[in-house]
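J.: model this:
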Amino acid sequence: MNKTFSKRRIVLIAALAVLMLIYGFQVWSSSRTGIKIVKTESEPSEIVITKGMDSENEIHLVKGADGEWTLGSKKYPADENSVYSILSAVKEIKVLGTASSLSGDGSRYGLDDASKITVTAMDSGKALLTLAVGKNTSTGNQSYIQLDGKNTVLLANKALHSLFDTTENALRSKKVYALSSSEISSVSLSGKDGSFTVKKETLPSSDDENSPAATVWRLEKYEGFGEEKLSSEKVSAWVNTISAVNVSAWTEQPYSGKKADSLVAKLGLVAGGKEYSLQIVSEEKISETETKYLCESNQTPYRFYISAYTAGNVKKTLKDLAD
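T.: Next up, the predicted model:
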């Protein structure tokens, strides 16, 4: 038994020694290659992106008091995933080493005045980091950068040029509204062929206390359609597809609130006591196989386009929802 214990001890000590050697090699290797992590001292609340010397078209991201990020003077809502990627990139930069102690033209690295992308991260008006982004490397996984106005060209471990070579429009949120289908209690749809309204009704609970209350969809009113016996399953599936709407492209045209009789279709939802609308203003045939749908909603001051797939989900008839 003592011999067995002794062998286990020897194996454990040997394994520990190997781990220590590996750790020591990593530390030595890091110091040799100059790897370091550059972090901002606090969370940025403002980010400015300038391409070359084009300061007139700089991208301005600002975090509001409500925690939401907006873009530019018109305060467009920013896309959450894009903001997360940009914040992650500026808050912590892994520098792999030095590429050059540059003293002249930086065009070789994409860091000349006309080519570089300048990213300034701020918090409460104080600059936390100024990052000049040059080309991605030939592998596409790394990029050349300069920090805080210094000439030294560093190698960063991310393709930062791909991330920051963007536009304000690309960073705008594509969301019109996003609801939980369980919150939606009423749906109305009107168009050229007629109109109808369906409402969700909760059935009385069964004797079994553990059974959840069942819900069904009832046809409240209709016009222009023949009376149909609704399928609650089909209505529920339809409501699920229209509970969230994203744009395919934004326009600068303002919301007009056109009357239903001049629209292709008007969708109305009630969720949590609040009304949401989506109006398909016009259909624009681009080609034999492609149609654009110009829309507006009471959830945004700008008109937008939706895909044919989304438009198809909206434009249903009672027959589509019948048993």
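J.: Could you give the number of residues near the nearest residue to residue 94 once chain neighbours are set aside?
T.: Spatial nearest neighbour of residue 94, chain neighbours left out: residue 157 (4.3 Å); criterion: Cβ to Cβ, 6 or more residues apart in numbering. The C-beta positions use only the backbone N, C-alpha and C, and glycine is treated the same way. By other Cβ atoms under 10 Å, 14 other residues sit near residue 157.
J.: what's the spacing between residue 157 and residue 144?
T.: 12 Å (Cβ to Cβ, to the nearest Å).
J.: quick one on the thing from earlier: show the model's pLDDT score for the residue nearest to residue 94.
T.: Per-residue confidence (pLDDT) for residue 157: 94.
J.: Please apply the same query to residue 169.
T.: pLDDT, residue 169: 93.
J.: Quick check: it vs residue 13, distance?
T.: 62 Å.
J.: Give me the below-cutoff pLDDT ranges for the stretch 201-323 of the chain.
T.: 205-213, 224-228, 258-261 (pLDDT under 70).
J.: That one: helices as residue ranges?
T.: 232-242, 308-314 (DSSP state H, counting those that start in this stretch).
J.: out of these, which comes closest to residue 109?
T.: Proximity to residue 109 (Cβ to Cβ) singles out helix 308-314 among the helices of the stretch 201-323 of the chain, at 43.1 Å.
J.: which helices and strands sit right next to that closest one?
T.: helix 232-242, strand 274-285, strand 291-297 (3 or more Cβ pairs under 8 Å, 6 or more residues apart in numbering; DSSP states H and E).
J.: Outside of it itself, list whatever touches it.
T.: 189, 238, 241-242, 245-246, 248, 265, 267, 278, 280, 283, 290-291, 293, 306 (Cβ atoms under 8 Å, 6 or more residues apart in numbering).
J.: Could you rerun that using 6 Å?
T.: 241, 242, 265, 267, 291, 293 (Cβ atoms under 6 Å, 6 or more residues apart in numbering).
J.: again, but for stretch 123-131
T.: Against stretch 123-131 from outside (Cβ under 6 Å, 6+ apart): 40, 42, 44, 45, 90, 119, 120, 121, 148.
J.: And stretch 52-70, what's buried?
T.: 59, 61, 62, 63, 69, 70 (16 or more other Cβ atoms under 10 Å).
J.: Mind checking which of these land in strands?
T.: 59, 61, 62, 63, 69, 70 (DSSP state E).
J.: looking at it, the residue nearest to residue 94 is touching residue 93, isn't it?
T.: No. Residue 157 lies out of contact with residue 93 (Cβ atoms under 6 Å); the separation is 8.2 Å.
J.: quick one, what contacts the nearest residue to residue 217 once chain neighbours are set aside?
T.: Once flanking residues are discounted, residue 217 sits nearest to residue 235: 3.9 Å by Cβ to Cβ, 6+ apart. By Cβ under 6 Å, 6+ apart, residue 235 lies in contact with 198, 217, 321.
J.: would you turn those residues into CSV with neighbour count and distance to residue 298?
T.: Below are the contacts of residue 235 laid out as CSV (neighbours: other Cβ atoms under 10 Å; distance: Cβ to Cβ, whole Å):
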residue, neighbour count, distance to residue 298
198, 22, 20
217, 21, 23
321, 25, 24
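J.: residues near residue 152, how many?
T.: 13.
J.: beta partners for it?
T.: residue 101 (DSSP bridges).
J.: Against residue 128, how distant is it?
T.: Taking Cβ to Cβ as the measure, residue 152 falls 19 Å from residue 128.
J.: ok, now residue 321?
T.: 54 Å.
J.: Could you do residue 204 as well?
T.: Residue 204 is 59 Å from residue 128, by Cβ to Cβ.
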